[in-house]
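J.: got a predicted structure plus its sequence, pasted below:
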Amino acid sequence: MISDKVIKKLINRRFVRIEVLIKLYSYYLARNATYTCALEQISGFFVLNRYEDNLKSTTSITEEKANAINFFINNIKTSNYITIGIDGDNLKAIQVVNGALIFYRKEVLEEIKKAHLGLTEIENNINQAYLLILQLLIEWSNMSEEIFENPSYRSFISNYKPISLHKNVILTQLSSCEELNKHAIKINAIWKQNIDIVDNWFHKFIENDTTLVDINLSCPLQILQNIINNVIFKVGVIQDFFSDKYLNWLFFKEIVWSMLNATIISAFNKFKSNDESKFFKLFEIDLEVKKFYTSLIQITLDNDDSLESILKEKVENWTVDRIVLLDRVILKLALCEMKYFKTIPVNVSINEYISISKIFSTAQSGKFINGILDSVSESITN
């Protein structure tokens, strides 16, 4: 089974920072879209209606709309609602603005909850991908058995040489493990809806043993290691499938690969020694890692206004709104660490987020972010 040492190496603070960046970037995008939608709800009410008996002037409606929007903007971060009319006793206008406030606050709260669940989602995705690939191997084993049992193939076997995966003792261990299969069903790590894809992959990449190069075909462990390394984790269409299914596949695929290799080795050793111990284990992120993830998200959101103010002071001849959103989120996270995470050296935080910006943002972002963080670091360290 994958060791705690390997887990700590793969799920490090760089990994957590990237996950927080992705989740907060999604949060800010959703918040901006919700803000725009709420303003549109308010603006849609304040339009000139030529069929009303008491026809208002365009100027009057424009003023009322401006007042309503100003109230909304000034109170979106509070718990306040309108209790007196924008337009005297215009109850409908009050309801529209209060409705926009309720809508905005509810949607933002939901997005914050999603952000906090990000690491749990990663944990679930890792386990689902891990079990999906184990089930994929089992499905291919079943298909191999069907080929050998089909009389129409027997006359071709001498030239055709299909791989006898169904005789692989490791896959026998996997397919007969009730606990593994129960977990797969529980988290929907099954191929029932995509069995045609599984079949297509089998005939393209597994069926002919020319796929397996320079290995001992009598060694069940080498066969599966080759399939995992040179087919599942190398063939483009299979990797595309997992990339489409999991947004962060590129960042956690190495963890899944490590889990798979640890599992097949454990299953093989169990077969050789008749060991009764469990040969697979689901992935679980360390509590300290989860704590760092949650703290980084919450402290950044709690201090969003103050972090924004720091950026305004340091960005010369620019408004903060002109900074690419992704760079703004990177800067806020870096500033948050520098200011509130006293156990992390400031230069470590700066270097980490510059490196992350080079991976995710534009070519010029690293230099831009470095300049701002350098200018802030002295005041923060003092």
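T.: Structure received.

J.: now the helices for the stretch 1-150 of the chain?
T.: Using DSSP state H, counting those that start in this stretch, the helices of the stretch 1-150 of the chain run over residues 4-10, 13-45, 58-75, 91-116, 118-149.

J.: for the record, mean pLDDT for the first one?
T.: For helix 4-10, mean pLDDT rounds to 62.

J.: follow-up on the earlier one: tell me the most buried of the helices of the stretch 1-150 of the chain?
T.: Each of these was scored by mean neighbour count; the highest is helix 118-149, a mean of 20, by mean count of other Cβ atoms under 10 Å. Glycine gets a C-beta too; all of them are placed from N, C-alpha and C.

J.: report all helices and strands that that one contacts.
T.: helix 13-45, helix 169-175, helix 178-186, helix 195-201, helix 220-227, helix 249-273, helix 287-302 (3 or more Cβ pairs under 8 Å, 6 or more residues apart in numbering; DSSP states H and E).

J.: tell me the angle of it relative to helix 287-302?
T.: With axes from the mean of the first three to the mean of the last three Cα atoms, to 10 degrees defining the directions, helix 118-149 sits at 130 degrees from helix 287-302.

J.: now helix 118-149, how far from the centre of its chain.
T.: 20 Å (Cα atoms, centre = their mean, to the nearest Å).

J.: ok, now stretch 220-238?
T.: Computed by Cα atoms, centre = their mean, the separation of stretch 220-238 from the middle of its chain amounts to 25 Å.

J.: ok, now stretch 112-122?
T.: 8 Å.

J.: kindly report the same for stretch 13-31.
T.: Worked out by Cα atoms, centre = their mean, stretch 13-31 lies 9 Å from the chain centre.

J.: contacts for that stretch?
T.: With contacts defined as Cβ atoms under 8 Å, 6 or more residues apart in numbering, stretch 13-31 is touched by 107-108, 111-112, 114-115, 118-119, 122, 247-248, 251, 289, 292-293, 296-297, 300-301, 325-326, 328-330, 332-333, 352-353, 355-356, 359-360.

J.: got the helices and strands packed on helix 118-149 as a markdown table, with distance to Lys367 and mean pLDDT columns?
T.: Shown next, in a markdown table, are the helices and strands packed on helix 118-149 (distance: least, Cβ to Cβ, whole Å; pLDDT from 0 to 100):
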| stretch | distance to Lys367 | mean pLDDT |
| --- | --- | --- |
| helix 13-45 | 19 | 94 |
| helix 169-175 | 50 | 91 |
| helix 178-186 | 47 | 92 |
| helix 195-201 | 44 | 94 |
| helix 220-227 | 43 | 91 |
| helix 249-273 | 25 | 88 |
| helix 287-302 | 23 | 95 |
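
J.: between those helices, which one is closest to Gln128.
T.: helix 178-186 (8.7 Å; Cβ to Cβ).

J.: can you dump the C-alpha coordinates of the closest one into CSV?
T.: This file holds the C-alpha atoms of helix 178-186, laid out as CSV (Å, rounded to 0.1, in the frame of the first residue of the first chain):
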residue,chain,number,x,y,z
GLU,A,178,-15.6,-8.0,-2.1
GLU,A,179,-14.5,-5.0,-0.1
LEU,A,180,-12.8,-3.4,-3.2
ASN,A,181,-15.9,-4.0,-5.3
LYS,A,182,-18.2,-2.6,-2.7
HIS,A,183,-16.1,0.6,-2.5
ALA,A,184,-16.2,0.9,-6.3
ILE,A,185,-20.0,0.6,-6.4
LYS,A,186,-20.4,3.0,-3.4
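
J.: pLDDT wise, what is the nearest residue to Met143 once chain neighbours are set aside at?
T.: Spatially, and ignoring its direct neighbours in sequence, Met143 is nearest to Phe202 (4.9 Å; Cβ to Cβ, 6 or more residues apart in numbering). Looking at Phe202, its pLDDT reads 90.

J.: likewise for Ile82?
T.: Ile82 is given a pLDDT of 78.

J.: that one and Asn70 touch, don't they?
T.: No - checked against Cβ atoms under 8 Å, the pair Ile82 and Asn70 is beyond contact range at 11.5 Å.

J.: pull out the buried members of the contacts of stretch 13-31.
T.: Buried members of these, scored by 16 or more other Cβ atoms under 10 Å, are 107-108, 111-112, 115, 118-119, 122, 248, 251, 289, 292-293, 296-297, 300-301, 326, 328-330, 332-333, 352-353, 356, 360.

J.: what bits of the stretch 251-382 of the chain have low per-residue confidence?
T.: By pLDDT under 70, the low-scoring segments of the stretch 251-382 of the chain are 273-278, 316-321, 381-382.

J.: can we see that at 80?
T.: Scanning the stretch 251-382 of the chain for pLDDT under 80 picks out the ranges 271-280, 315-322, 363, 378-382.

J.: can I get the helices of the stretch 1-150 of the chain in a markdown table including distance to Ser375?
T.: What follows is these, written out as a markdown table (distance: least, Cβ to Cβ, whole Å):
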| stretch | distance to Ser375 |
| --- | --- |
| helix 4-10 | 34 |
| helix 13-45 | 21 |
| helix 58-75 | 30 |
| helix 91-116 | 28 |
| helix 118-149 | 30 |
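
J.: for stretch 185-192, measure first residue to last.
T.: 11 Å (Cα to Cα, to the nearest Å).

J.: ok, now which ones touch Lys114?
T.: With Cβ under 8 Å, 6+ apart, Lys114 has these contacts: Lys23, Ser26, Tyr27.

J.: how far away is the last one from Leu132?
T.: Taking Cβ to Cβ, to the nearest Å as the measure, Tyr27 falls 28 Å from Leu132.
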